[in-house]
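Undergrad: How does the following fold in three dimensions:
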Amino acid sequence: MSLSDTRFILLTNWLSQYFKTEVSVELICGDASFRRYFRVQHLANSYIVSDSPIELVPILPFIQMADAYKKAGLLVPEIIAQDDKNGFVLQSDLGDEQLLNQLNEETATQLYQKALALLPQVAAVTETENGPLPTYDQAFVKRELDIFVEWLLIKHLGITLSEQDKSIIENAFAELTVSALEQPAFGMHRDFHSRNILVVDKALALIDFQDAVIGPVTYDAVSLLRDCYIKWPVEVIDTLKHEHFTLCQNNQLISESVTFEQYQSWFDLMGLQRHIKAAGIFARLNHRDAKSGYLKDIPLTLSYIVEIAALYPKLMPFSQWVEQHVLTRMSDKG
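TA: The predicted structure follows:
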């Protein structure tokens, strides 16, 4: 960013017009899209403003979800003003303290329990004032899984897939798709992890929820507990999985006839689908968007895939293939 940045000039002019005076604007960060965030200081007050090129990142889904989540009792940024033409959204400032920063061996279980407790409220939000949320259907799942093949395997690693390779991948993707679509479907945040949950005083606030859909009941829980950015011992995650299972049954999100074994299979395979997608997105961010910082997160994501797929006989060939052909190549690339 520079002072000659056209969008930055538009943004500062818009803010000055809104506040009727000049303001201090400081870049905080960009996210994993084309969106940027700035902190705005006006008098003694602090705000956040997002800059979303409207042709690339529509702002209405974020604004509508913020309203729907607020009505559901969730803590989210308050929308103060918006510029529909240029894609600027002025919001309340909830601070910078990500849940990730507070997680350690002593706090993890309690903080994850607190985050999981938000999911019944998230699940209840299945529409905005614009109508029902999009559905996480078979085509949706396929689009996400294909990112892995296109961007990580072919573009980043330069793998030429044999017919046997394609068969292994297609069979695994078919298993994951069936598992995802047979789960009960409710509102889901779709990016519910430790970087998108802010600690505000003693409460937890949600951000980055503009991609919310109606989809599998385990999706948000596995996003949180098998985070692409941090990993916890199996026994910690097992305890929290049981808690989420009970939470779902108590809130009628999962039928009492569903066994924990069935839930665990849904959870594991949903996590695989998400990690496969995430590994592809991290590679895409590097090659398409010149954001190389996410490459360091691919090995952990792949290790989840190898480890969890190995637990299921139908997915064992995929586990072995990823370990031999993908994880090793990532290691070789440094």
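Undergrad: chain center to stretch 16-33, what's the gap?
TA: With CA atoms, centre = their mean, to the nearest Å as the basis, stretch 16-33 stands 24 Å off its chain's centre.
Undergrad: contact partners of it?
TA: Under the contact criterion CB atoms under 8 Å, 6 or more residues apart in numbering, stretch 16-33 has outside partners 1, 8, 11-12, 15, 36-42, 48-49, 52, 56-57, 81, 90, 96, 208, 281, 285, 291, 294. No exception for glycine: its C-beta is placed from N, CA and C like everyone else's.
Undergrad: which among those residues end up buried?
TA: Buried subset of the contacts of stretch 16-33 (neighbour count, 16 or more other CB atoms under 10 Å): 8, 11-12, 15, 36-38, 40, 42, 48-49, 52, 57, 90, 208, 281, 285, 291, 294.
Undergrad: Return the subset of those lying in helices.
TA: Phe8, Leu11, Thr12, Leu15, Ile281, Leu285 (DSSP state H).
Undergrad: any low-confidence regions in this protein?
TA: For the chain, the stretches flagged by pLDDT under 70 are 1-4, 30-33, 334.
Undergrad: can you give me the helices for it?
TA: Counting by DSSP H, the helices of the chain are 6-19, 60-71, 99-102, 108-116, 119-124, 138-147, 163-182, 219-225, 234-250, 260-287, 298-309, 316-321, 328-332.
Undergrad: Just the C-alpha atoms of the last one, please, in CSV.
TA: What it means is helix 328-332. This file holds the C-alpha atoms of helix 328-332, laid out as CSV (Å, rounded to 0.1, in the frame of the first residue of the first chain):
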residue,chain,number,x,y,z
THR,A,328,7.4,-35.9,0.6
ARG,A,329,7.4,-33.4,-2.3
MET,A,330,6.3,-30.6,0.0
SER,A,331,9.3,-31.5,2.3
ASP,A,332,11.6,-31.4,-0.7
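Undergrad: Show me which residues of that helix are buried.
TA: Arg329, Met330.
Undergrad: just the helices of the chain: most buried one?
TA: Most buried of the helices of the chain, by mean neighbour count (mean count of other CB atoms under 10 Å): helix 219-225, with a mean of 26.
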